[in-house]
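# next come a sequence and a model predicted from it.
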Amino acid sequence: MFDAILFDLDGTLLNLDIDVFLNYYFQEMITAADAQGMSGKELVAQIITATDVMMNSQDGKATNEETFWEAFLKRSDYKMADSQRFFNYFYEYCFPKLQFRCRTFDIAAEIVKEAFKKRTKVAIATNAVFPLQAITERLRWAGIEQYSFDLITSYEIMHYCKPFPEYYLEIADILKVSPQRCLMIGNDSGEDLVAGSTGMKTFLVENMLIERNKGFIPDWHGDIEELYDFLCNGYPK
């Protein structure tokens, strides 16, 4: 039995190819920025650079949000208030348009429901590069927005990103559980299975497998239907 079950989102509970999705995401942002009188391509280039700084930061003191904005404003002529106003507009009105770029795993809601039946803490352990609003929207796309997760790893609260082990240790610390008592479920052999280096057990979902050849071996693996069967019948007692 585990004290916490951690779910990756994109490619795990949501049928979304993140690399393909990001192309549409940035194009939508360019269009929205141009319509607001900003240089969309320049803005996106600055966002990509700041995001890269954020994802590689191991400072541990600043939140990912703080790291992103510090890096972004260093390279931008835009003021903080104007930039935040644009991002708020984008995630409210433009980001939801991207739903048609993904599909729902019909069984995802049942999988999450089964996890909650275990009377354990349940977290969405998506890479902490997006604001909560963008993650909540993708939970809606996945058909699992109705669940009261114990933690959603947004960039507002996390201090590390995948694939750093510290990301997973921070999750365990927030949930007040031992890493050895956690199960991490994801589809990325590098970013998700690195959780095993902290003592967490791992389940690799293979429907939309991202193989990064990092040498990590999952404790369990299978497609999303087999994940459901595992939670129903093979889950450790």
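That came in fine, so what should we check first?
# how near is the residue nearest the centre of the chain to Phe86?
With distances taken as C-alpha atoms, centre = their mean, Thr126 lies nearest the centre of the chain, 1.9 Å away. Separation of Thr126 from Phe86 (C-beta to C-beta, to the nearest Å): 23 Å. Every C-beta, even on glycine, is put in place using the N, C-alpha and C of the backbone.
# tally of neighbours for Phe26?
Phe26 has 17 neighbours, counted by other C-beta atoms under 10 Å.
# any idea how far Lys162 is from Leu73?
Distance from Lys162 to Leu73, by C-beta to C-beta: 24 Å.
# so between the two, which is more surrounded?
Taking other C-beta under 10 Å, Lys162 and Leu73 do not tie; Lys162 has more neighbours (23 against 15).
# the chain: helices as residue ranges?
18-35, 40-56, 64-74, 80-89, 108-117, 132-142, 165-175, 224-229 (DSSP state H).
# need the pLDDT of Asp77.
pLDDT, Asp77: 83.
# now Glu156
Looking at Glu156, its pLDDT reads 98.
# tell me what angle the worst-scoring helix or strand of the chain on mean pLDDT forms with helix 64-74.
Least confident helix or strand, the chain: helix 80-89 with a mean of 92, by mean pLDDT, DSSP states H and E. Counting by axes from the mean of the first three to the mean of the last three C-alpha atoms, to 10 degrees, helix 80-89 points 120 degrees away from the direction of helix 64-74.
# can you give me the pLDDT of the residue sitting furthest away from the middle of the chain?
Computed with C-alpha atoms, centre = their mean, the maximum C-alpha offset from the centroid of the chain is found at Gly37, amounting to 30.4 Å. At Gly37, the model reports a pLDDT of 90.
# coming back round to it: wait, which of the helices of the chain is closest to Asp3?
Each of those has some distance to Asp3 by C-beta to C-beta; the shortest is helix 165-175, at 7.7 Å.
# let me know how buried Pro236 is, in neighbour terms.
Neighbours around Pro236, by other C-beta under 10 Å: 10.
# and it, how close does it get to Lys121?
Taking C-beta to C-beta, one finds Pro236 at 16 Å from Lys121.
# now Asn56
Taking C-beta to C-beta as the criterion, Asn56 is separated from Lys121 by 29 Å.
# I'd assumed Ala128 was in contact with Asp8.
No - in this structure Asp8 lies outside contact range of Ala128 using C-beta atoms under 8 Å: 11.7 Å.
# so who does the closest residue to Asp150 other than its chain neighbours touch?
In space, Asp150 comes closest to Lys121 once its chain neighbours are excluded; the distance is 4.2 Å by C-beta to C-beta, 6 or more residues apart in numbering. The contact partners of Lys121, by C-beta atoms under 8 Å, 6 or more residues apart in numbering, come to Asp3, Ala4, Ile5, Asp150, Leu151, Leu175, Val177.
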